[in-house]
Structure formats: structure tokens, C-alpha cells
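**Q** Okay, sequence plus prediction incoming.
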Amino acid sequence: MIPAVFFLSFGNIGKGKKIMVTLTGFADEISPDLEVQLDVLASEGISHLELRGVWGKNVLDLTDEEVGRVKARLSERGFKVSSIGSPIGKIKITDPFEPHIERFRRAVYVAREMEAPYIRIFSFFIPEGMTLRFTVRKC
């Protein structure tokens, strides 16, 4: 049994169309070691992962060289990245935003390098007692 969270991704669904299902998950819950992650996924017939962490680091904290090493190893072993499991949005909505924008830029860079079509993000934390008001403007 794989100790990880897995997601199902569905392709275009329409009348007379086949459904493509991609099983993917957070492999860093298996082990911080990339090779162990890939060994376990391969043993279960899983060829995609949501890249969140390797070698004890969050994917956004990997150096450019490490990103290249991960990409090369995934390619060598026939794995693809379904999405980048980023921590983007896991801050209070009142926290300084500029450092977070820099992290988002890093997430975009890593996603492009890994050929990942998606980046997981969160909605920002709302401090207790704070009320948000939204205005919808017609353009």
C-alpha cells in the first residue's frame, strides 16, 4: 500500500468520447529519497506524480541544478509530473505579498522545467474575525 494521497485526472468527457484517467500522487509521502519514490510508484504501475518534495526539500526550494537532476531522472525512468505541489497561498491574506509573488514565479519556472501542466495553489488564510468584501465590476 502506498502511503500517499492520489488524485484522478479526467480528460475531455463528452458523448461518444473515452475517458482517460491518470493516477497521480504526492510521492514525498513515500520517502524523501527520489529513487525510493520512483521505485514504489513504478511497483504500483503509476507513471505520474505531483511533485511536492525530494531530498527533504520543497520543490520550490530546489536549486536549478537539482531541478535539472530531478527532471533528468524522471525522464530516464519514464515518469511525468502531473502538477507542482506548491505551497502558494498558504499565507495569511494580510501577509506581505511580494515575497509570495517571487515564490509563485519560482513555481512557474519549476513547472515549465518539469513540463507540468498545473501548479497546485491554496486560497489564502483569512485571520479569525476578519471579513472580506468582494466587489464585482462589470467590464
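**A** Received, thanks. Residues are numbered from 1 along each chain as shown.

**Q** C-alpha from now on. contacts and neighbour counts both.
**A** Fine.

**Q** And the next helix or strand past the lowest-mean-pLDDT helix or strand in the chain?
**A** The element with the least model confidence among the helices and strands of the chain, by mean pLDDT, DSSP states H and E, is strand 6-10, at a mean of 51. Proceeding C-terminally, strand 6-10 gives way to strand 21-25 as the next helix or strand, assigned by DSSP states H and E.

**Q** I'd like to know which elements that next one is packed against.
**A** Helices and strands in packing contact with strand 21-25 are listed as strand 6-10, strand 48-51; criterion 3 or more C-alpha pairs under 8 Å, 6 or more residues apart in numbering; DSSP states H and E.

**Q** could you give the mean pLDDT of the shortest one?
**A** Over the span of strand 48-51, the pLDDT mean works out to 95.

**Q** Give me the contacts around the helix ranked longest in the chain.
**A** Ranked by residue count and defined by DSSP state H, the top helix of the chain is helix 98-114. When contacts are taken as C-alpha atoms under 8 Å, 6 or more residues apart in numbering, the neighbours of helix 98-114 outside the stretch itself are 59-60, 67-68, 71, 80-81, 83-84, 86, 88-89, 117-119.

**Q** go on, stretch 64-76?
**A** If you take C-alpha under 8 Å, 6+ apart as the criterion, stretch 64-76 is touched by Leu34, Val59, Lys80, Val110, Glu113, Met114.
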